[in-house]
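A.B. asks: what follows is a predicted structure for the sequence shown.
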Amino acid sequence: MSRLRWGLIKRQMVVQLQVATLNLYSLGLFVIQPAVFIAVGMLLSHAAGNAMPDLVYSVVGGGIMGMWSGLVFSSTYDIAGDRYNGMLELIVGSPTSLATVEAIRTLTNVLSGLFSLSLAFITSLAIFGYSLHGVNFWGAGISLLLLLFAMWCMGVFLANFIAWSRISTWFVDYLEMPIAFLCGFMYPIRVLPGWLQILSGAIPIRWALQAMNESLLGNRDLTFLATHWAIAIGISLIFLAITRWLQVKVHDSIRLSGELSSI
Amino acid sequence: MDPSAIVASSLNKTFNTKTGLWKTKTKSTIAVEDISFNIERGELFGLLGPNGAGKTTTVKMLTTLLLPTGGTAKILGLDVVRQTAEVRRHIGFAFSGSRGLYNRLTAIQNLKYFAELYALDPAITRKRIPELLELVGLSQRGDDRVETYSSGMVQRLHLARALLHDPEVLFLDEPTVGIDPVGARELRQTIKNLISLGKTILLTTHYMAEAEELCHRIAIINKGRIVALDSPDALKRRISGDSVIEATIQTAQAHILMDRLRILDGKTVVELKNSTEPEKLCIRTPEPARVLELLSPYLNPQYIQGLEVRNQTLEDVYITIIQGEKE
């Protein structure tokens, strides 16, 4: 990976916002889609006979869903769009590696997704009367940072496949819902069957999110939280190592197949 | 210092495409086959050829965007496969068409983005962008979104982008495609200025007049192979002595005129250009006087409406070589 410079990070983020984020499509991705998920969560909770829905899973979970969808769709369409308009070729042909560009883009997309989460959180406070009383703020804060890191790691991991070939864009799109399902965005992970809980253990987002949700629900058990954080960091780093290996393979593969400029 | 800026040695590129989901079949397409050439520093080298001949594939291998399947290539002594990052710092490239820019951004925003990709110092970026916009005649439109540009303006912006990091070697793939004649002439002048600044340029083009005007040497490429490589004058001398006579004719009488010319020996090539309106007979011959003598009884509007005798152009050479390949 070529050297990260502040000038490049700033410019890439600005371009990303101007080209990909600040448009009506993103409004749907970061605002309307989470709102739909929140509404579904509330209705299901109501249908289950709960007088008061669990706001952490129904409302904040909707925001997490929006954040994840935003990350997957933005990452997918950024590279597909660049391939279509000939930018992918120019980026790869520059001294800055595609991996560096993708790292900054994914960071921008993750941070843009925070807007969804913030909006959902504010909604839960202002409209549904969620009380911050008893919340483990430091636990939730650290978990949120790790959640962003885990999502970023997953984002750069998936970006490889999209750069690799046009067809794999579909594969990444298909992964959006299964990963959301496995990570327990809108329900506690314990409601999943045992084997699915084991499967979900391979996804770093799951561990960071579980720690965040528990912190929002008031869990102050440091051993529980630290274990989840450590696992989230460990698995994220494994994903990063695989990503680094894949990036070299993808760089060679797309130049061998001519996929860089294929539309 | 190595006098060669670009050295291609037996370059090959084969694309393998797979079809079928379960029982996959691999189809191999040879795009470039055993291409070799040297381009000296400060030289403007042209690559000519029909669509699909392998020009762009060759350029993409030299610009590190495609990996060759065989052979080697060096830019300023740097291997395009093993020293990719170093090569990229020293080259600039611009492809034809509207792709390759963010249309929602202005020209200046696009150039600033590429300046960061090429790790330019901010002070140099601030100086270079106005200079380059001036060079390509876009100073007044630098703050406009690219989506509002004409294709000619986009093409000129591509050139500015390619020059941003002041590369020693420049690859221009059909830079004047889609540009009006005035714009194309301005762009050709810009390319000449770049050569006077000591840049090495590899240019691909379909326009023979452009290649003849600009290039020091030309390689004609067909079906992935170089079929001729020389200076424009030397290429023209290949079929030297030949003159070209173009007769504008009445369509209905074409067969009579062609029959009349059939008595000439095999060195004279008669071609009916029926894609033009009115139709033209194009006669390449070492005996122009004899041809004119044969045609003289028909020099009236009923048969021949106009007649032009000229020397061979590069286009004639190109057509002769490419048609010879077909046969």
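C.D. replies: Thanks, I have the structure now.
A.B. asks: for chain B, which segments count as strands?
C.D. replies: Using DSSP state E, the strands found in chain B span residues B:4-19, B:25-40, B:44-48, B:70-75, B:78-79, B:91-95, B:169-173, B:200-205, B:217-222, B:225-230, B:243-249, B:269-273, B:280-285, B:304-311.
A.B. asks: can you redo those strands as CSV with distance to chain A, mean neighbour count and mean pLDDT?
C.D. replies: From N, CA and C alone the C-beta is placed, and that goes for glycine too. Formatted as CSV, the strands of chain B follow (distance: least, C-beta to the nearest C-beta, whole Å; neighbours: other C-beta atoms under 10 Å in any protein chain shown; pLDDT from 0 to 100):
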stretch, distance to chain A, mean neighbour count, mean pLDDT
strand B:4-19, 6, 17, 91
strand B:25-40, 9, 16, 92
strand B:44-48, 18, 25, 95
strand B:70-75, 12, 20, 96
strand B:78-79, 13, 16, 96
strand B:91-95, 7, 24, 93
strand B:169-173, 10, 24, 95
strand B:200-205, 15, 25, 94
strand B:217-222, 18, 23, 94
strand B:225-230, 19, 18, 93
strand B:243-249, 39, 20, 86
strand B:269-273, 35, 16, 80
strand B:280-285, 37, 21, 84
strand B:304-311, 40, 14, 84
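A.B. asks: can you say which of these is nearest to A:Leu216?
C.D. replies: A:Leu216 lies closest, by C-beta to C-beta, to one member of the strands of chain B: strand B:4-19, at 48.9 Å.
A.B. asks: what parts of the stretch 1-150 of chain A come near chain B?
C.D. replies: Residues of the stretch 1-150 of chain A lying near chain B by C-beta under 8 Å from any C-beta of the partner chain: A:2-3, A:5, A:7-8, A:11-12, A:15, A:18-19, A:84-87, A:89-96, A:101.
A.B. asks: nearest to A:Thr169, out of the strands of chain B?
C.D. replies: strand B:4-19 (17.5 Å).
A.B. asks: what strands line up against that closest one, and which way round?
C.D. replies: strand B:25-40 (antiparallel), strand B:70-75 (antiparallel) (DSSP bridges).
A.B. asks: what does the stretch 151-263 of chain A have sitting close to chain B?
C.D. replies: Going by C-beta under 8 Å from any C-beta, the residues of the stretch 151-263 of chain A near chain B are A:Asp252, A:Arg255, A:Leu256, A:Ser257, A:Gly258, A:Leu260, A:Ser261.
A.B. asks: how about residue 8: what's its closest non-neighbour residue?
C.D. replies: Chain wasn't specified; assuming chain A. In space, and not counting its chain neighbours, A:Leu8 is closest to B:Glu116: 4.6 Å by C-beta to C-beta, 6 or more residues apart in numbering or on different chains.
A.B. asks: you answered for a different chain; I wanted chain B.
C.D. replies: That would be B:Ala73: by C-beta to C-beta, 6+ apart, it lies 4.7 Å from B:Ala8.
A.B. asks: what does B:Ile256 give?
C.D. replies: Going by C-beta to C-beta, 6+ apart, B:Ile256 has B:Tyr303 as its nearest residue, at 7.2 Å.
A.B. asks: for the one you found, grab phi and psi.
C.D. replies: Backbone geometry at B:Tyr303, expressed as degrees, to the nearest 10, gives phi -110, psi -60.
A.B. asks: who's in contact with it?
C.D. replies: The contact partners of B:Tyr303, taken as C-beta atoms under 8 Å, 6 or more residues apart in numbering or on different chains, are B:Ile249, B:Gln250, B:Gln253, B:Ile256, B:Leu257.
A.B. asks: may I ask which of those has the most neighbours?
C.D. replies: B:Ile249 (24 neighbours; other C-beta atoms under 10 Å in any protein chain shown).
A.B. asks: so what's that one up against?
C.D. replies: B:Leu257, B:Pro278, B:Glu279, B:Lys280, B:Leu281, B:Tyr303, B:Ile304, B:Gln305.
A.B. asks: who's in contact with stretch B:117-134?
C.D. replies: A:3, A:5, A:7-8, A:91, A:94-96, A:101, B:89, B:107-108, B:111-112, B:115, B:139, B:142, B:160, B:163-166.
A.B. asks: quick one: that stretch to chain centroid distance?
C.D. replies: On the basis of C-alpha atoms, centre = their mean, to the nearest Å, stretch B:117-134 is displaced by 28 Å from the centre of the chain it belongs to.
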